[in-house]
Every structure is written in C-alpha cells, then in structure tokens.
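Engineer: after the sequence you'll find the predicted model.
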Amino acid sequence: MYKAFDIKEINLTKYLFFTGKGGVGKTSTACATAVSLADEGKKIMLISTDPASNLQDVFNTKLNNKGVQIKDVPNLVVANFDPEVAAEEYKESVIAPYRGKLPEAVLN
C-alpha cells in the first residue's frame, strides 16, 4: 500500500524538472507542486519552455519571458520562456554596449 503524498516530507533539490510525453500531466503536476511549495512559504519560479504552453490558462494571467507574480499565490512567479526570444534578448544584452562603437558588420 502506498503512503499518501505529503509535500512537507520531501527534501527537495533546488530545481525540479517535469518531463515526459504529451498529455501525461506535466503541466498539472508542475503547477500543483509549485502552488503547494509556494503555500509552504518557499519562493518559487515556475518556467515553461514549451511553445504550446498553457500556463497562462492555468493561472489566468498573461505571461512573459521575465516572470509574472501570481496574485493569488504570493510566493509564486510564472514565466513562459520562448527559447528563441530568450537567446535573442541575451545576444542583444551582450552586443548593446558595442553599438555605435564597432561596425554593424562585426556585431551581426
């Protein structure tokens, strides 16, 4: 017989990853875990890199690449990372200080 799951009894690592085939409940499990941990007072950032993510539907909140505080769950920040947008933003943050100082051909 299995013991009932209690989030308080688990010593967690700093990062949790939820992976698997489509339709197996990754989003539901990740959201439930994130809310439970946030309710326990832990500061949580839940991130999806899935282009078809539905985190915004689960939390009924418009999300972005930076993270949005969830109103009803004070310790929870949620973000949808588009890997291509994130890579472009990072590239621009590295190149920006050199714009106007180096030729554009060097920067692109």
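Structural biologist: In hand now; what should we look at?
Engineer: quick check: the residue most central in space within the chain vs residue 64, distance?
Structural biologist: In the chain, the residue lying closest to the centroid (C-alpha atoms, centre = their mean) is residue 47, at 1.0 Å. Applying C-beta to C-beta, to the nearest Å, the value for residue 47 to residue 64 is 11 Å. The C-beta positions use only the backbone N, C-alpha and C, and glycine is treated the same way.
Engineer: repeat for residue 46
Structural biologist: Counting by C-beta to C-beta, the gap from residue 46 to residue 64 is 13 Å.
Engineer: what's the answer for residue 105, then?
Structural biologist: From residue 105 to residue 64 the distance is 32 Å (C-beta to C-beta).
Engineer: these two: which is more packed in?
Structural biologist: Set residue 105 next to residue 64 and count neighbours by other C-beta atoms under 10 Å: residue 64 wins out with 13 against 6.
Engineer: surely residue 70 and residue 61 touch.
Structural biologist: Yes - A contact is recorded between residue 70 and residue 61 when judged using C-beta atoms under 8 Å, the distance being 6.4 Å.
Engineer: common neighbours of those two, please.
Structural biologist: Common contact partners of residue 70 and residue 61 (C-beta atoms under 8 Å, 6 or more residues apart in numbering): residue 78.
Engineer: higher neighbour count, these two?
Structural biologist: residue 70 (22 against 14).
Engineer: find the nearest non-adjacent residue to the more buried one, please.
Structural biologist: residue 76 (4.5 Å; C-beta to C-beta, 6 or more residues apart in numbering).
Engineer: what do you get for residue 8?
Structural biologist: Once flanking residues are discounted, residue 8 sits nearest to residue 40: 6.7 Å by C-beta to C-beta, 6+ apart.
Engineer: ok, the one you found - how many residues close by?
Structural biologist: Neighbours of residue 40 (other C-beta under 10 Å): 11.
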